[in-house]
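Visitor: Test case, fold it:
(one chain, ligands or ions: 1)
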Amino acid sequence: MERERAHLAGSRAALRAMRADAESLDISDVTANWVNAEVLRAQLDQRIESLADLAHTPLFFGRLDYEHPHTEADSAPASPYAHHAGHSFYIGRRHVHDAEGDPMVVDWRAPVSEPFYRASKKDPQDVALRRRFGYTGGELTAYEDEHLGDPAEASQASALLQREIEKPRVGPMRDIVATIQPEQDAIVRSGIEGTVCVQGAPGTGKTAVGLHRVAYLLYTHRERLARTGTLVIGPNRSFLHYIEQVLPALGELQVRQATVDGLVEEVAGRYGVQVRGRDGAETARLKGDARMAQVLRRAVRAGVTLPAEGCVVVRGSRRWRIPSYELQELVEELLQRDMRYGAAREALPQRIAHAVLVRMEQAGEAPDDRVQDAVARNAAVKAVVKTVWPAVDPAKLVLRLLSDPEFLAEQADGLLDADEQQAVRWAKPARGVKSATWSAADAVLVDEAADLVARTPSLGHVVLDEAQDLSPMQYRAVGRRCTTGSATVLGDLAQGTTPWATASWQEALSHLGKQGSDVEELTQGFRVPRDVIAYASRLLPAIAPGLAEATSIRESPGDFAVRAVAAEERTDAVLAACRASLGREGSTGLIVADARVPALAAALEEADLPHLAPGEETSAGVRLTLVPATLAKGLEYDYVVLDEPAAIVSGEPDARTGLRRLYVCLTRAVSGLAVLHTEPLPEALTRT
Ligand SMILES: Nc1ncnc2c1ncn2[C@@H]1O[C@H](COP(=O)(O)OP(=O)(O)OP(=O)(O)O)[C@@H](O)[C@H]1O
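Guide: Here you go, the predicted structure:
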């Protein structure tokens, strides 16, 4: 222990020296101008920030002793003469080296760290000793050894791991670098080229795995991703708030986080669209149907006409005439090519100019590229393009589609029947983009139309969390943001709470444009106590037949109670249950049907129980959060008080969605769950 503490002290000193080095760098000599200087300064500041020694995050959490010498960048044994090769490595959140450049701590993402997560007695991967460290308030207080090369040593579950998993939860989500499990690590470290889809029951670590995968990819492909960018997509703002500190804690400050709605509204907003309206469930489902992509594809091209007349270009004393049939051929050829509408519109004048140039050459002239450009900009050519291939504004196009029955009927012919067309159309036709009542699903249509006109830039990697809830059109919107990159798709079919939630991952992947990607399954649950997950799983046959029940690797069975209370006592019973939970360590979430939020917020206030909204940070003073059922997804609390399951179910447009919402709410608890009800419980829950 003395030696390990000395190594910790030494590593801290080395980190301080690295920071001091970075701070003292004088960049005035190497930067030619102030723009370069600013860029370099910002990078340096970021490096200095990333080198901070945070007292409460241990610098290393594990150690590997190899049988043979290794280097940091390689998991295979190195030649004994390799520079910086060693037998023993400390694994931590970031790399730290001493004055000679020898590693004091290696990054958990380095190849040499991998066996810390993966090696086993069966497959020791050249590891003789794996040591896990335990900390209490920043102090190194314990360690645990496994001698992987010693077949006589009995395998036993790690007490430190168990302690980490059962630790009370306060505040936002934490990283899990010290305790990533082998099946999780396999996903975290899978290659950047491929898209991975993960189906996992509640609490199996999908979100955690997705975030650690981003950190891993950034480490392994830093330059490429710095150019192309990475993005994490979550279901709503409170969820993003809840996870926003995980990546910075892992040293990654540059990852963008957004919701699908946020992404498409940003694009639609450029065309003047502001989302203010809401669609009914059936309308939203139809607008999210993949057939809408075909309708839009037709609609974008609907304005293209075949020229009836030829085009005459006058240059100097000469006139060049391209006959209408030749123009028609050019237009038809462009229509057949798989080109963006806008790109084709830019290509058309060049094609016409080319036809003119051919004629000039035939007449003995020797025109060059500049002449072609000039002809392409000629007023006669521009006039042809304007009429045969008119500019398309995505928002105006969607507006017309949703307002003009005849236009919609033409574009949707054979795709949507008359009833469907009527459901899709706005009840009141809109006059203009600014005054129209756009819904979130409409904004997705505008995003699709915008992409048909001009290609959406693609990122290097996109993590899509709670992916089961997206409509086919939303999958397409995400897919076009990673056409040249890859994706990590995370979700649980049983937690799909939109009327259009996906029924199969293969289908979702095909809408994303990533068909045939691997689908992995995580079944080991880290959050929900055994009794609670067993209770919630009673709903599975009704909400997702065929999905396996999650296990729970928590040893404590958890506090679990279901109590019927009389109507007049219900609010008091809820308040009492909250007080009881607040008497314990950690956070409490009071989850209620959305419609019950105002009443309970008032009751909490009257009872002097201060509370937060979901995603807001708990503090020592306020550990109670009032959670509307529709925002519970992805979040967790030590203790959950669940008010009136029947109201949560009936708050949704259909029974299956209601039961799925309930399943989400029942699986938020880490240490205890109290269910209080006045109305009868949904039948699916009372079946044993
Ligand atoms: N290997 C691990 N070690 C310690 N804690 C873990 C591990 N994996 C997951 N956890 C913890 O378990 C909890 C649930 O993880 P997470 O939220 O990622 O699950 P999820 O599968 O996304 O759940 P949901 O489906 O409910 O959204 C989190 O507190 C997470 O930190």
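Visitor: contacts and neighbour counts: CA atoms only from here.
Guide: Noted.
Visitor: gap between Ala566 and Ala595?
Guide: Distance, Ala566 to Ala595, by CA to CA, to the nearest Å: 20 Å.
Visitor: would you list every one of the helices in the stretch 351-500 of the chain?
Guide: 369-376, 379-388, 394-403, 405-411, 418-424, 440-453, 472-479 (DSSP state H, counting those that start in this stretch).
Visitor: can you give me how far the first one is from the chain middle?
Guide: The gap between where helix 369-376 is centred and where its chain is centred comes out at 46 Å by CA atoms, centre = their mean, to the nearest Å.
Visitor: which other helices and strands contact it?
Guide: Judged by 3 or more CA pairs under 8 Å, 6 or more residues apart in numbering; DSSP states H and E, the packing partners of helix 369-376 are helix 341-362.
Visitor: name the helices or strands packed onto the helix it packs on?
Guide: Contacts defined by 3+ CA pairs under 8 Å, 6+ apart place helix 341-362 against strand 318-322, helix 324-336, helix 369-376, helix 379-388, helix 440-453.
Visitor: could you give the mean pLDDT of the last one?
Guide: This predicted structure assigns helix 440-453 an average pLDDT of 98.
Visitor: so how far is that helix off the chain centroid?
Guide: Chain-centre distance of helix 440-453: 20 Å, with CA atoms, centre = their mean.
Visitor: What angle do helix 394-403 and that helix make with each other?
Guide: Counting by axes from the mean of the first three to the mean of the last three CA atoms, to 10 degrees, helix 440-453 lies at 130 degrees to helix 394-403.
Visitor: Repeat that for the first one.
Guide: Computed by the same axes, to 10 degrees, the angle separating strand 318-322 from helix 394-403 equals 40 degrees.
Visitor: angle of strand 318-322 against helix 341-362?
Guide: Using the same axes, to 10 degrees: strand 318-322 against helix 341-362 is 130 degrees.
Visitor: what lines up beside strand 318-322 in the sheet?
Guide: strand 311-315 (antiparallel) (DSSP bridges).
Visitor: count of residues packed around Trp320?
Guide: 15 (other CA atoms under 10 Å).
Visitor: tell me which residues form a beta bridge with it?
Guide: Val313.
Visitor: Show the pLDDT at it.
Guide: For Trp320, the predicted pLDDT is 93.
Visitor: ok, now Val30?
Guide: For Val30, pLDDT reads 63.
Visitor: now swap in Gly546 and tell me
Guide: Reading off the model, Gly546 has pLDDT 84.
Visitor: ok, now how distant is it from Ser537?
Guide: 12 Å.
Visitor: moving C-terminal of the helix or strand bottoming out on mean pLDDT in the chain, what's the next helix or strand?
Guide: The helix or strand of the chain with the lowest confidence, counting by mean pLDDT, DSSP states H and E, is helix 34-50 at a mean of 74. For helix 34-50, the following helix or strand on the C-terminal side (DSSP states H and E) is strand 60-70.
Visitor: Output the contacting helices and strands for that following strand.
Guide: Secondary elements touching strand 60-70 (3+ CA pairs under 8 Å, 6+ apart): strand 86-92, helix 114-118, strand 127-136.
Visitor: returning to what we had before: tell me which of the helices and strands packed on helix 341-362 approaches the ligand most closely.
Guide: helix 440-453 (23.0 Å; CA to the nearest ligand atom).
Visitor: any idea of the angle that closest one forms with helix 472-479?
Guide: Going by the same axes, to 10 degrees, helix 440-453 is angled at 50 degrees with respect to helix 472-479.
Visitor: Can I get helix 440-453 in PDB? Just the C-alpha atoms.
Guide: This file holds the C-alpha atoms of helix 440-453, laid out as PDB (Å, rounded to 0.1, in the frame of the first residue of the first chain):
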ATOM      1  CA  ALA A 440     -41.800  18.600 -35.000                       C
ATOM      2  CA  ALA A 441     -42.700  16.000 -37.600                       C
ATOM      3  CA  ASP A 442     -43.100  18.800 -40.200                       C
ATOM      4  CA  ALA A 443     -39.600  20.000 -39.400                       C
ATOM      5  CA  VAL A 444     -38.300  16.500 -40.200                       C
ATOM      6  CA  LEU A 445     -40.000  16.700 -43.600                       C
ATOM      7  CA  VAL A 446     -38.300  20.100 -44.200                       C
ATOM      8  CA  ASP A 447     -34.900  18.500 -43.200                       C
ATOM      9  CA  GLU A 448     -35.500  15.700 -45.700                       C
ATOM     10  CA  ALA A 449     -36.400  18.100 -48.400                       C
ATOM     11  CA  ALA A 450     -33.400  20.200 -47.600                       C
ATOM     12  CA  ASP A 451     -31.200  17.100 -48.100                       C
ATOM     13  CA  LEU A 452     -32.900  16.300 -51.400                       C
ATOM     14  CA  VAL A 453     -31.800  19.800 -52.600                       C
END
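Visitor: Gly546 and Ser537: which has the busier surroundings?
Guide: Under the criterion of other CA under 10 Å, the comparison of Gly546 against Ser537 puts Ser537 first, with 23 against 10.
Visitor: what about the helices in the stretch 101-250 of the chain?
Guide: In the stretch 101-250 of the chain, the segments counted as helices under DSSP H, counting those that start in this stretch are 114-118, 159-166, 182-188, 206-220, 222-228, 237-243, 246-249.
Visitor: For the last one, which helices and strands make contact with it?
Guide: Packing partners of helix 246-249 (3+ CA pairs under 8 Å, 6+ apart): helix 206-220.
Visitor: same check, this time on the second one
Guide: Where contact means 3+ CA pairs under 8 Å, 6+ apart, helix 159-166 is packed against strand 127-136.
Visitor: check whether the strand it packs on contacts the ligand.
Guide: No. Figure legend: strand 127-136 not in contact with the ligand (CA under 6 Å from any ligand atom); closest approach 13.1 Å.
Visitor: Partner strands of that strand and their direction?
Guide: strand 60-70 (antiparallel), strand 139-147 (antiparallel).
Visitor: of these, which approaches Glu346 most closely?
Guide: strand 60-70 (56.2 Å; CA to CA).
Visitor: chain center to the least confident helix or strand of the chain: distance?
Guide: 28 Å.
Visitor: Check stretch 538-551 too.
Guide: 25 Å.
Visitor: same thing with stretch 401-417?
Guide: 34 Å.
Visitor: got the end-to-end distance for that stretch?
Guide: 15 Å.
Visitor: Contacts for it, please.
Guide: Applying CA atoms under 8 Å, 6 or more residues apart in numbering, the contact partners of stretch 401-417 are 291, 295-296, 298-299, 302, 400, 418, 421, 424-426, 428-430.
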